[in-house]
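In: Got a sequence here, can you build the structure:
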Amino acid sequence: MDTHPYRIGAKKRIIRWPWSSRESTKMDLWPLKWRGGPASDGIVPPRFGDEPEEPPVPRTRWWWIKRGAQAFALVFSLLLIWLALTAPLSKSLQPIAPPEITLLAADGTPIARNGAVVADPVEVAKLPAHVIQPFLAIEDRRFYSHWGVDPRGIARAAWANVSGGAPQGGSTITQQLAKFTFLTPERSITRKAREALIAFWLEAWLSKDEILERYLSNAYFGDNTYGLRAASLHYFYRQPENLRPEQAAMLAGLLQAPSRLAPTQNPAAAKKRMDLVLQAMVAAGYLTQQRADAMPVPRIDVRRRNDLPTGTYFADWALPQARLVNEATYSRQTVTTTLDSRLQGAARRAINRAALGNAQVALVAMRPNGEVVAMIGGRDYEKSPFNRATQARRQPGSTFKLFVYLAALDAGWKPEDTISNLAIESGSYRPQNAGGAYSETITLEDAFARSSNVAAVRLFEEVGDADVIRMARALGIESPLREGDPSLALGTSEMTLLELTAAYAGVAANSYPVEPRAFVREDEGWFGWLWDSQESLSDREHESIERMLRGAVNRGTGRQAKLTVPNYGKTGTSQDNRDALFIGYAGDLVVGVWVGNDDNTPLRGVSGGTIPARIWRDFMREALGRGVAPQRPRPTVSPDPEGPIQPQDVPGLEDIPLGTDGASIRIEPSGAILSTEIEGVPIDVRVGEEGVRVEPRATGQPRPAAEPSPP
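Out: From the prediction side, this is the model:
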């Protein structure tokens, strides 16, 4: 008797399960499916130890409906999150263009006006019907009946465009609000899809009147004017609630191409577009044809003109700061800056007097607390608005030595300590001193005054680049500084004039870092003082660095910047005389001056101790209330001077300063050379065996002792 009913050769019933495409035989149908394949004889008996598996549960129609609902809920939730993040409803209440800001100097003098002309939002409930109807007729006739996207309007616009009629747009007012409030003006299918989604979002959460109000309050009407209220005041000097029908019709027509159709620029085109709006109103049933034909052309009444520049070097730098401290609003704003109009004029006059040739120039003056009181970013803003005081990154040259010597003082060095001043003849980096002036040793004070390159590099290596960079960072230098590069000691890393001047301001105030700013900062009180992170130099370090800075002006490379009051500063000249700087302070002013070419080509005979030092001196004389010293007559040399002779700490009796007007005398084996200026004309007076000879010195030609520059 068979022990199993299913044998090879037995009839098999083909079974097709409704939830599976697999065909099974009756032989496969055990009460439970057992693991393991059939035996070689075709019998599929259960084996000891096999574990049964439940047959797969069939996926019914309700299973698919449930999964679809879950997927839809997930996508809908993600869409809501995306809309909440990218299209917050509060954004449609804000002006789409930054509102107009008028910047004032510290004394209240207007200096610049920038930004869009905006005004308070409108309320649909307070607007007459004849003001609203032109916008609905020409932009979206079915506005109050669709859900953000109008299929009929899209079809009508498509047919007009295909059939050769007047080009039309299919976007509704809601879509236009979504476009200029939340999206970019790109033309793509993706952007149109996002526009439609945001339009549905707006329709779901806002009423029709709220959507229309936000649209009319933000739309662009030309002439840098945004919003219906600002436009009606600009073009007709009327509040929108008091607009006449013809005025409203003309304003509605501007929305298609505001810049091209502005009646102040193209009155004929504005009139033609207005007629099209009137015909749309007739078609929509808002007007009769007879009344439309009788509608007069409105008279433009522009009363407010912008007679201020939209930008200056200082205004371009200050405006982003003004936007940060003022909240987004529809009202015009007036902000008082730290700019001193008197000092700004003094800066411009000092630069105009300089013999710059074709070179560019920048000047920034600030208080020791960082308040910028004057800024010149170039010779002519109209020709070049690029701000060389805040945007140009140039090599600071020897002005960077300030950080090297500060790091040395912090490490315990003193101004009277000595260091080798011999030429560097080994290693891969071999800087040279200007004029080949070397000595066995030199004090730090003299090395700083004479701007010895070899001494600065040796001191840099003694102190270590890490400490020098740390000192520069502490004083506010944020530009990249190359580690392990000995040329850093000579100012080969680029930075802006503004941040370098702010670092010198930190020394002047003995409180750093100093943040340059265009607006007066409110007193933070005792709590702010408690958490103040400002650092300062020790009394010894501050006294020592000021001693060096004063020596650089009084008897060093910065003699042409010398004043009759205590002054401190440092010259700087980059490699190949590509950049020339003088940065220093006197009284309550810290001033930086840069001269160079935009294409980074070398300057001819210009160093930090020449033109930049003289610009700094001329500005400081006027800024400190002493005026510009008149040109002195040609000096005469007395063979028997009366009174004591002042000791001169000048190496080799070269370039001895005479007075404070920049005149100097140089002693050479063949005689003496007196360099001065007569009525603004630079000359050299040579006294030697051949007698006295007067020669004009070419503009930009260096004086006998030039500012050291790194190789």
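In: contacts, neighbours, all on C-alpha from now
Out: Noted.
In: what residue ranges in the stretch 301-450 of the chain are flagged as low confidence?
Out: 305-306, 325-331 (pLDDT under 70).
In: which stretches of it form helices?
Out: Ranges of helices within the stretch 301-450 of the chain are 313-325, 341-353, 401-410, 444-450, based on DSSP state H, counting those that start in this stretch.
In: T288 and V282 touch, don't they?
Out: Yes - look at T288 against V282 with C-alpha atoms under 8 Å: they come within range, at 5.6 Å.
In: higher neighbour count, those two?
Out: A count of neighbours by other C-alpha atoms under 10 Å puts V282 above the other of T288 and V282, at 18 against 14.
In: buried set for the helix or strand that contains the more buried one?
Out: Following DSSP states H and E, one finds V282 within helix 267-284. By 16 or more other C-alpha atoms under 10 Å, the buried positions in helix 267-284 come out as 269-271, 273-282, 284.
In: Likewise for stretch 206-216?
Out: Using 16+ other C-alpha under 10 Å as the test for burial, stretch 206-216 gives 208, 211-216.
In: Determine how far that stretch lies from the middle of the whole chain.
Out: Here stretch 206-216 is found 35 Å from its chain centre; the criterion is C-alpha atoms, centre = their mean, to the nearest Å.
In: Pop the domain breakdown of the chain in here.
Out: Domain segmentation of the chain under automatic domain parsing yields 61-93, 116-293.
In: phi, psi of the spatially closest residue to A466 that is not a sequence neighbour?
Out: Leaving aside its sequence neighbours, A466 sits nearest to E483 (C-alpha to C-alpha, 6 or more residues apart in numbering; 7.3 Å). Here is the backbone geometry of E483 (degrees, to the nearest 10): phi -80, psi 150.
In: Point out the most buried one among the domains of the chain.
Out: domain 116-293 (a mean of 19; mean count of other C-alpha atoms under 10 Å).
In: First-to-last residue distance for that domain?
Out: 35 Å (C-alpha to C-alpha, to the nearest Å).
In: doesn't V468 make contact with F460?
Out: Yes - applying C-alpha under 8 Å, one finds F460 in contact with V468, separated by 7.4 Å.
In: so what sits against both of the two?
Out: Common neighbours of F460 and V468 (criterion: C-alpha atoms under 8 Å, 6 or more residues apart in numbering): V404.
In: Make JSON lines out of the buried residues of stretch 206-216 and add distance to A119 and pLDDT.
Out: Output for the buried residues of stretch 206-216, formatted as JSON lines (distance: C-alpha to C-alpha, whole Å; pLDDT from 0 to 100):
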{"residue": "K208", "distance to A119": "22", "pLDDT": "93"}
{"residue": "I211", "distance to A119": "18", "pLDDT": "92"}
{"residue": "L212", "distance to A119": "16", "pLDDT": "95"}
{"residue": "E213", "distance to A119": "13", "pLDDT": "94"}
{"residue": "R214", "distance to A119": "13", "pLDDT": "91"}
{"residue": "Y215", "distance to A119": "14", "pLDDT": "93"}
{"residue": "L216", "distance to A119": "11", "pLDDT": "95"}
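In: would you turn the residues you listed into JSON lines with secondary structure and distance to A408?
Out: Compiled in JSON lines, these are given as follows (DSSP: H, G, I helix; E, B strand; the rest coil; distance: C-alpha to C-alpha, whole Å):
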{"residue": "K208", "secondary structure": "helix", "distance to A408": "71"}
{"residue": "I211", "secondary structure": "helix", "distance to A408": "66"}
{"residue": "L212", "secondary structure": "helix", "distance to A408": "68"}
{"residue": "E213", "secondary structure": "helix", "distance to A408": "66"}
{"residue": "R214", "secondary structure": "helix", "distance to A408": "63"}
{"residue": "Y215", "secondary structure": "helix", "distance to A408": "64"}
{"residue": "L216", "secondary structure": "helix", "distance to A408": "65"}
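In: Could you point out which of these is nearest to E543?
Out: Nearest to E543 out of the buried residues of stretch 206-216 is R214 (C-alpha to C-alpha; 62.2 Å).
In: what about that closest one, distance to A249?
Out: From R214 over to A249 (counting by C-alpha to C-alpha), the distance is 19 Å.
In: Ok, F180 next?
Out: Distance, F180 to A249, using C-alpha to C-alpha: 22 Å.
In: what does T441 give?
Out: Applying C-alpha to C-alpha, the value for T441 to A249 is 86 Å.
In: now do R614
Out: 62 Å.
In: you'd agree P513 is up against Y504?
Out: No - using C-alpha under 8 Å, P513 is not in contact with Y504; the gap is 9.7 Å.
In: These two: which has the busier surroundings?
Out: Ranked by neighbour count (other C-alpha under 10 Å), P513 and Y504 place Y504 first, with 29 against 25.
In: Would you mind listing the residues in contact with that one?
Out: Each residue near Y504 by C-alpha under 8 Å, 6+ apart is listed here: 583-585, 590.
In: Buried subset of those as a PyMOL selection?
Out: Burial among those is assessed by 16+ other C-alpha under 10 Å; the matching PyMOL selection reads:
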select buried, resi 583+584+585+590
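In: Adding pLDDT, distance to L104 and secondary structure, write the contacts of Y504 out as JSON lines.
Out: Listed next are the contacts of Y504 as JSON lines, based on pLDDT from 0 to 100; distance: C-alpha to C-alpha, whole Å; DSSP: H, G, I helix; E, B strand; the rest coil:
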{"residue": "I583", "pLDDT": "98", "distance to L104": "27", "secondary structure": "strand"}
{"residue": "G584", "pLDDT": "97", "distance to L104": "27", "secondary structure": "strand"}
{"residue": "Y585", "pLDDT": "97", "distance to L104": "26", "secondary structure": "strand"}
{"residue": "V590", "pLDDT": "98", "distance to L104": "22", "secondary structure": "strand"}
